[in-house]
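Q: Got a predicted structure here, sequence first:
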Amino acid sequence: MEKNGLAKIQDEIEGCIGKRVILKANKGRKRTTTREGILEEAYPSLFVVRICNQFDSVRRVSYTYSDILTGTVEVTVCDEEKRKIKIS
């Protein structure tokens, strides 16, 4: 069952490359961070999101597909029509 879940999540992420996403990551001890960026790359075991902030610096963060499966990271894809689609 878990392999099917990971494969499904990986397919959904690969289909959203180049789109704007909102990441909500659990950093432990009741700390969460919310970031907005562009889904840049998808590899067999992880995906990369490019984050631009107000200081004009570019940062890339990577997460594994199992982070989404376990709920450590929530990914929300923002479409052109202002719709938001949650990947889980």
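A: Yep, it's here.
Q: Now the longest strand anywhere in the chain: average pLDDT?
A: With DSSP state E setting the assignment, residue counts place strand 31-42 as the longest strand in the chain. Over the span of strand 31-42, the pLDDT mean works out to 92.
Q: chain center to it, what's the gap?
A: Averaging C-alpha positions (CA atoms, centre = their mean, to the nearest Å) puts strand 31-42 5 Å from its chain's average.
Q: Identify each buried residue in that strand, please.
A: By neighbour count with 16 or more other CB atoms under 10 Å, strand 31-42 contains the buried residues Gly37, Leu39, Glu40, Ala42. The C-beta positions use only the backbone N, C-alpha and C, and glycine is treated the same way.
Q: Spell out the residue ranges of the helices in this structure.
A: Along the chain, counting by DSSP state H, helices occupy 2-14, 65-70.
Q: Which of those sits closest to Val49?
A: Taking CB to CB, helix 2-14 is the member of these nearest to Val49, at 10.0 Å.
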